[in-house]
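A.B. asks: With the input below, show me the fold.
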Amino acid sequence: MDTTQANGRGNPERASISFSVDTFAREEHDHQELGLSDSQVLDMYRNMLLQRRFEERAAQMYGKQKISGFLHLYIGQEAVSTGAANAIRVGRDSVITAYRDHGLGLALGMSADECMAELFGKQHGCSRGKGGSMHYFSKELGFYGGHGIVGAHIPVATGIAFAHKYKEDDGVALCFFGDGAVGQGSFHEALNLAGLYKLPVVFIIENNQYAMGTAIHRAFAETDFFKHAVGYNMPAAVADGMDVFDVYNAITKQVSLARSFQPSILEIRTYRYRGHSMSDPGNYRTKEELDSRKNDDPIIRLKAYIIGRGIGTNEMLDAFDEEVKSIVLRSVEFADNDPFPELDEIYDNVYTQKDYPFLSWQTPR
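C.D. replies: Numbers count the residues shown, from 1 in each chain. So this is what the prediction gives:
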């Protein structure tokens with residue numbers, strides 16, 4: 001970004017802005033050029049399949065009323081979570097996201113058992129059954145949620161990045177949120193602080209084209225969300241969220257910037273194949289639009305790449321599919337048989353103080 005010199009009164013005689021953005025195009029690099037081995041590519045495919053089959057089974061369990069509350073599925077966006085998880089140091093870097101969090105949890109290494117048990121509200125869920133679909137957490141994996149309020153976690157990500165810088169631990173924070181969150185004041189406040197303090201954070205906009213049921217062009221005067229970087233003096237990039245290598249490449253480069261204390265915006269353009277949540281029939285988009293976007297399915301694209309490059313065979317990939325289906329089916333059985341949390345655990349892991357003064361009426365231990 002460039003502006004002209006100010007005059008003696010401190011005002012610019014004329015001003016102009018030039019802004020460049022990194023763009024990452026699909027199929028620009030093969031996996032070897034990106035430093036990925038054949039086995040890593042197969043692991044990526046397997047994990048994307050796990051996310052897809054998990055979400056499909058979760059939808060089925062919701063229909064059977066095994067899962068209560070909200071359920072936001074990640075179907076179609078698996079390349080984003082998988083590319084990201086492979087581009088960071090899991091457990092040393094930090095990740096935080098909004099309520100569409102199942103895919104990221106599984107990509108980072110959470111088990112299907114603890115994820116499904118959380119959906120069922122059971123004791124051995126990742127949040128001990130107290131968070132449900134929108135509140136996955138894992139301290140060991142550096143996964144700070146799962147947050148239900150649109151945009152409210154973006155300042156939390158800025159705080160996490162501040163902690164990394166303060167502790168000098170060389171960690172970075174990845175903050176994921178949807179296109180709808182860009183309209184929240186918290187987004188702009190958090191980015192201003194990150195730009196001001198030069199924090200190690202990547203703000204990742206998962207632009208799936210619809211904020212709930214509203215197309216982005218109906219809600220935003222500017223639909224190129226990466227342009228917001230100009231106002232906060234940080235670089236920006238755009239990636240194709242339907243290509244796992246594109247996402248991996250983009251996040252690798254943005255994370256490198258963050259490690260040198262340069263925050264940035266990464267807009268990842270993706271698409272969700274299901275409604276906003278289970279209560280959303282998706283009547284705001286046509287069948288033709290949905291069908292055309294399904295031809296862009298990131299899992300199908302990666303499968304074609306693997307077979308085309310001779311990395312794996314149809315039979316091998318079909319075996320992967322059967323394996324993850326079995327894992328997910330077992331997770332349902334695990335969650336179904338897992339007990340609900342005990343009533344006297346209701347305040348555990350909620351307040352730091354064990355004798356929080358306003359809870360004197362709680363069930364005594």
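A.B. asks: Going along the chain from the helix ranked longest in the chain, find the next helix or strand for me.
C.D. replies: Longest helix in the chain, counting residues (DSSP state H): helix 38-63. Going down the chain from helix 38-63, the next helix or strand is helix 78-85, by DSSP states H and E.
A.B. asks: average pLDDT for that next one?
C.D. replies: Helix 78-85 shows a mean pLDDT of 98 in the predicted model.
A.B. asks: Over to stretch 63-73?
C.D. replies: 95.
A.B. asks: now do the same end-to-end measure for it.
C.D. replies: 13 Å (Cα to Cα, to the nearest Å).
A.B. asks: For the chain, give me the ranges with low pLDDT.
C.D. replies: 1-12, 355-365 (pLDDT under 70).
A.B. asks: All the helices of it, residue numbers only.
C.D. replies: 38-63, 78-85, 102-108, 112-119, 154-167, 185-197, 216-219, 244-259, 287-294, 298-308, 314-337.
A.B. asks: Rebuild those as a markdown table, extending it with mean neighbour count and distance to Ala236.
C.D. replies: Placement of C-beta: from N, CA and C, glycine included. Converted to a markdown table, these look like this (neighbours: other Cβ atoms under 10 Å; distance: least, Cβ to Cβ, whole Å):
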| stretch | mean neighbour count | distance to Ala236 |
| --- | --- | --- |
| helix 38-63 | 20 | 25 |
| helix 78-85 | 28 | 17 |
| helix 102-108 | 27 | 22 |
| helix 112-119 | 26 | 32 |
| helix 154-167 | 20 | 16 |
| helix 185-197 | 18 | 11 |
| helix 216-219 | 14 | 17 |
| helix 244-259 | 23 | 9 |
| helix 287-294 | 11 | 24 |
| helix 298-308 | 18 | 22 |
| helix 314-337 | 15 | 35 |
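A.B. asks: so who does Trp70 touch?
C.D. replies: Rather than Trp, residue 70 is Phe. 99, 132-134, 148, 277-278 (Cβ atoms under 8 Å, 6 or more residues apart in numbering).
A.B. asks: thinking again about what came up before, determine which of the helices of the chain approaches Leu174 most closely.
C.D. replies: Ranking these by distance to Leu174, with Cβ to Cβ as the measure, places helix 78-85 first at 6.2 Å.
A.B. asks: packing partners for that closest one?
C.D. replies: If you count contacts as 3 or more Cβ pairs under 8 Å, 6 or more residues apart in numbering; DSSP states H and E, helix 78-85 packs onto helix 38-63, helix 102-108, strand 173-178, strand 201-207, helix 244-259, helix 298-308.
A.B. asks: Dump those to TSV, plus distance to Gln77.
C.D. replies: Formatted as TSV, the helices and strands packed on helix 78-85 follow (distance: least, Cβ to Cβ, whole Å):
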stretch	distance to Gln77
helix 38-63	9
helix 102-108	6
strand 173-178	10
strand 201-207	6
helix 244-259	10
helix 298-308	8
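A.B. asks: Specify the stretch among those that is closest to Glu289.
C.D. replies: strand 201-207 (15.7 Å).
A.B. asks: Run me through the strand neighbours of that closest one, direction for each.
C.D. replies: Strand 201-207 pairs in its sheet with strand 173-178 (parallel), strand 264-269 (parallel), by DSSP bridges.
A.B. asks: ranking those strands by burial, who's on top?
C.D. replies: strand 173-178 (a mean of 27; mean count of other Cβ atoms under 10 Å).
A.B. asks: Centre of the chain to that one, how far?
C.D. replies: Distance of strand 173-178 from its chain centroid, counting by Cα atoms, centre = their mean, to the nearest Å, is 6 Å.
A.B. asks: Identify the residue nearest the geometric centre of the protein.
C.D. replies: The residue lying closest to the centre of the chain (Cα atoms, centre = their mean) is Phe176, at 4.6 Å.
A.B. asks: what sits against that residue?
C.D. replies: By Cβ under 8 Å, 6+ apart, the neighbours of Phe176 are 80, 84, 95-98, 104, 204, 206.
A.B. asks: Of those, which is the nearest to Asp38?
C.D. replies: Ala84 (20.6 Å).
A.B. asks: Quick check: closest non-adjacent residue to that closest one.
C.D. replies: Closest residue in space to Ala84, ignoring its immediate chain neighbours: Ile251 at 5.1 Å, by Cβ to Cβ, 6 or more residues apart in numbering.
A.B. asks: Tell me how far that neighbour lies from Val202.
C.D. replies: 7 Å (Cβ to Cβ, to the nearest Å).
A.B. asks: now do Glu13
C.D. replies: Glu13 is 36 Å from Val202, by Cβ to Cβ.
A.B. asks: ok, those two, which is more surrounded?
C.D. replies: Val202 (31 against 10; other Cβ atoms under 10 Å).
A.B. asks: how about the nearest residue to that one, chain neighbours excluded?
C.D. replies: Val202 sits nearest to Gln254 (Cβ to Cβ, 6+ apart), 4.5 Å away.
A.B. asks: for the nearest residue to Asn47 once chain neighbours are set aside, what are its contacts?
C.D. replies: Using Cβ to Cβ, 6+ apart and skipping the chain neighbours, the partner closest in space to Asn47 is Thr82 (5.4 Å). Contacts for Thr82 (Cβ under 8 Å, 6+ apart) come out as 44, 47-48, 51, 107, 244, 247.
A.B. asks: circling back to that earlier point, which of the helices of the chain sits closest to Arg128?
C.D. replies: Of all those, helix 112-119 comes closest under Cβ to Cβ, at 8.2 Å.
A.B. asks: Now do that closest one against helix 314-337, angle only.
C.D. replies: For helix 112-119 against helix 314-337, the angle by axes from the mean of the first three to the mean of the last three Cα atoms, to 10 degrees is 40 degrees.
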